[in-house]
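Enquirer: what's the 3D shape of this:
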Amino acid sequence: MKGRRSSYEIYWEILVYCREPKSFTNIINRCDLNSKIGQQHLGFLVGKDYLRLEDRGDRTSYATTPKAEEYIGLFSKMYGELFDELPGFKI
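Expert: Residues are numbered from 1 along each chain as shown. Have a look, this model is predicted:
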């Protein structure tokens with residue numbers, strides 16, 4: 001499947017990428033988002049308890065929570081059933 005990513009694909013990508021804590025800048029660069037859209041997606045995921053903020057001295061990082069693993073698994077399964085492959089992204 002080509003073209004624009006859905007919000008669900010972007011959420012999946014962020015959650016998979018943040019299994020290890022990542023900074024805001026790392027996330028928006030890696031997931032190819034602009035700052036405004038990145039803030040909206042991260043805010044939504046934090047609000048749903050799928051991401052947590054971790055203060056690391058002078059930096060804040062985002063990390064996937066155990067609650068997000070259910071979404072990652074369900075989305076991966078559904079996407080695989082529909083398209084015979086997992087959504088691709090560069091890690």
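
Enquirer: mind listing the helices for this protein?
Expert: Using DSSP state H, the helices of the chain run over 7-17, 24-30, 35-47, 66-83.

Enquirer: can you put those helices in a markdown table and add mean pLDDT?
Expert: Below are these laid out as a markdown table (pLDDT from 0 to 100):
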| stretch | mean pLDDT |
| --- | --- |
| helix 7-17 | 93 |
| helix 24-30 | 95 |
| helix 35-47 | 96 |
| helix 66-83 | 89 |
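
Enquirer: out of those helices, deepest packed?
Expert: Mean neighbour count (mean count of other C-beta atoms under 10 Å) peaks for helix 7-17 among these, with a mean of 19. Quick note: C-beta positions are derived from backbone N, CA and C, even for glycine.

Enquirer: now the angle between helix 35-47 and it, please.
Expert: Using axes from the mean of the first three to the mean of the last three C-alpha atoms, to 10 degrees, the inter-axis angle of helix 7-17 relative to helix 35-47 is 70 degrees.

Enquirer: Quick one: residues in contact with helix 7-17.
Expert: 5, 27, 30-31, 33, 41-42, 44-45, 50-51, 62, 64, 68, 71-72, 75-76, 79, 87, 89, 91 (C-beta atoms under 8 Å, 6 or more residues apart in numbering).
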